[in-house]
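>>> Only the shape, not the letters, is given here:
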């Protein structure tokens, strides 16, 4: 008996030791793996050059970056932004099986603000980078209206196409592409924004590929007495982490019959300076259908607004929050799954702001809630002004009498649209965005005062002239 | 009988061999993972695993580089508490790193924050006494609430 107890004891020791040894061996392998991943390895398995537009090829050399890049297909809401996937039945003409919500149905005030412009027909929630080309090809703004190739600048990987159009001269290609009909131009591109649009194929360094930005920033720097500014040779690495995004996330217009994509930064980046520029060149995007006012449409001025905010002042770049560094093994790479920082708070915010995720989210949403409230008040006021002008017009007010109110509508509408189109719901520069809305409300107030001089129904054409100091428009 | 006796004598040897393998493998793993370095105060030990690299690099450029190493601020001064603290943190960090369950931007825990804040007082007690005196609860205002980057950024 004692012999068998002894044997059982020994068997127990062996079994326990075996389990422990297996555990230690597993730990050893784990330590080994962690040591391996701490070495940053890179294998160049394919050669990419300045003509390789297919991101899948670049992705073979940089699988981690490419994997994240492909995730921009994700559709996820934040409290005030993002988008939800709505199911739709694909057709031969439109192969999309999911789309985002129609914004002009969610907020009919937007539709009224844009009456007379394609945006009043179709304007959906913005989706991730992966959808930029397919969503543009199938929006009713493109299908039902004639649009220029200039639209493609920011909805496709156009670098190689522009180079080829210009026979090696990027700017010449840009000019040709702008003028082409959209339906023709879009046949020549295959990918949404891709690696080559931001990276140099030889060095992987960030570089600017969009002539509109090169011209825009040159004009802006000139206004600050910096002549011949070229970001590709003069910008810091940190500035480039903003500038590559600012090739597209900016206010713009199509200049003249050549439809040259132009950034209105000649006087500066502030909305007032941009508006002054539009006044000077007498640009209008459309005539408002209800009021007859010559108005402007603002487009996603993320770069301009962000530049007015505290993060920009602190030297933070777009990529710091929208493409924050993440760990893949021992390597630190910037997250190419470009998205709202609210979906990635740890990496996007907590590197600098040492508070809990809930605390950070609450602070951001408080800023955004205040903005949305103000934006709604301004939007309601604009609707009132539009209604007042419409009534005055119906009552027989002449164009000449309406100039003051038109100028007010033009300015108010542009200012409201400037922060409405900006994709941060007031976060990128909270004080500035509320100031812009206050400016808009002030303009609406002046417009309604101007209308007082028109109403009641003008009896004689010369009793009420245009309001002093507000006569603008084309 | 002879055979049985022999095999009976062999089993304890076998157990000895297995235990020996475990010890050998354990010692090797401990050495391979630079285990002994954790008993020292060398800041390089804290970057054995790459997670702490940004903090280490931040320290190299921060004002306290000349005055304090990681241990001076992140361990209590008392020898017993110091190694107890190292053991607790060592276990937690190893577990997190081995399983991969930790965020990219690591945040200090409440317990370690208290240790670090107390460490400030080792050198700066005199100058901070008037600031701390009127406060009932010293933890509501931490040195690092304002002097966040003196040790290292992040």
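Sure thing, it's come through. Since the model is a prediction, treat every value here as computed from it, not as a measurement.
>>> give me the number of residues near residue A:79?
Here the number of neighbours of residue A:79 (other Cβ atoms under 10 Å in any protein chain shown) works out to 14. (Each C-beta comes from the backbone N, C-alpha and C, glycine too.)
>>> Please name the residues that touch it.
Contacts for residue A:79 (Cβ atoms under 8 Å, 6 or more residues apart in numbering or on different chains) come out as A:342, A:365, A:368.
>>> Not including adjacent chain positions, what is the nearest residue to residue A:172?
Nearest non-adjacent residue to residue A:172, counting by Cβ to Cβ, 6 or more residues apart in numbering or on different chains: residue A:166, 3.4 Å away.
>>> can you pick the most crowded of the contacts of residue A:79?
Neighbour counts for the contacts of residue A:79, by other Cβ under 10 Å, peak at residue A:342, which reaches 23 neighbours.
>>> mind listing what that one touches?
Contacts of residue A:342 (Cβ under 8 Å, 6+ apart): A:78, A:79, A:81, A:348, A:361, A:364.
>>> before we move on, what about residue B:61?
Residue B:61 neighbours (Cβ under 8 Å, 6+ apart): B:152, B:153.
>>> Ok, residue A:299 next?
By Cβ under 8 Å, 6+ apart, the contact list for residue A:299 reads A:250, A:251, A:252, A:421.
>>> and chain A, which of its residues are near chain B?
For chain A, the residues in contact with chain B (Cβ under 8 Å from any Cβ of the partner chain) are A:3, A:7, A:10, A:13-14, A:17-18, A:20-21, A:24-25, A:27-28, A:30-32, A:34, A:38, A:325-327, A:330, A:346-347, A:350-352, A:354.
>>> right, and residue A:414 touches residue A:298 too?
Yes. In this structure residue A:414 lies within contact range of residue A:298 using Cβ atoms under 8 Å: 5.8 Å.
>>> now the helices for chain B?
Along chain B, the segments classed as helices by DSSP state H run B:2-32, B:53-61, B:70-74, B:79-99, B:110-132, B:143-146.
>>> Look at residue 53 and report its pLDDT.
All of this is about chain A. Looking at residue A:53, its pLDDT is 94.
>>> That was the other one, I meant chain B.
At residue B:53, the pLDDT value in this model is 86.
>>> give me phi/psi at residue A:433?
Phi and psi for residue A:433, reported as degrees, to the nearest 10, are phi -70, psi -30.
>>> what distance separates stretch A:194-207 from the centre of its chain?
Put simply, stretch A:194-207 sits 20 Å off its chain's centre (Cα atoms, centre = their mean, to the nearest Å).
>>> follow-up on the earlier one: and the helices of chain B, which is most packed in?
Of the helices of chain B, the one with the most neighbours on average (mean count of other Cβ atoms under 10 Å in any protein chain shown) is helix B:70-74, at a mean of 19.
>>> Identify the residues contacting it?
For helix B:70-74, contacts defined as Cβ under 8 Å, 6+ apart pick out B:41, B:43, B:46, B:56, B:59, B:64, B:82, B:89, B:112, B:115-116, B:119-120, B:122, B:151.
>>> Also stretch A:59-76?
By Cβ under 8 Å, 6+ apart, stretch A:59-76 touches A:42-46, A:48, A:55-56, A:58, A:82-85, A:98, A:100, A:127-131, A:195, A:326, A:328, A:331, A:333-339, A:343.
>>> and the gap between residue B:11 and chain A?
From residue B:11 across to chain A, the span is 5 Å (Cβ to the nearest Cβ, to the nearest Å).
>>> quick one: contacts for that residue?
Here residue B:11 is in contact with A:7, A:10 (criterion: Cβ under 8 Å, 6+ apart).
>>> ok, now how distant is it from residue A:15?
From residue B:11 over to residue A:15 the distance is 13 Å, taken as Cβ to Cβ, to the nearest Å.
>>> which non-adjacent residue is nearest residue A:310?
In space, residue A:310 is closest to residue A:429, 7.6 Å off (Cβ to Cβ, 6+ apart).
>>> what about residue A:35, helix or strand, and which?
helix A:2-38 (DSSP states H and E).
>>> got the buried residues for that helix?
Within helix A:2-38, the residues that count as buried by 16 or more other Cβ atoms under 10 Å in any protein chain shown are A:10, A:13-14, A:17, A:20-21, A:24, A:27-28, A:30-31, A:34-35, A:38.
>>> What are the buried residues along the next helix or strand after that helix?
Following helix A:2-38 in sequence order, the next helix or strand is helix A:55-61 (DSSP H and E). The neighbour-count check on helix A:55-61 (16+ other Cβ under 10 Å) flags A:55, A:57, A:58, A:59, A:61 as buried.
>>> Contact partners for the second one?
This means residue A:57. Residue A:57 neighbours (Cβ under 8 Å, 6+ apart): A:46, A:48.
>>> Now do the helix or strand hosting residue A:216: which elements does it pack against?
Using DSSP H and E, residue A:216 falls within helix A:211-223. With contacts taken as 3 or more Cβ pairs under 8 Å, 6 or more residues apart in numbering or on different chains; DSSP states H and E, helix A:211-223 sits against helix A:170-179, helix A:231-234, helix A:237-246, strand A:260-262.
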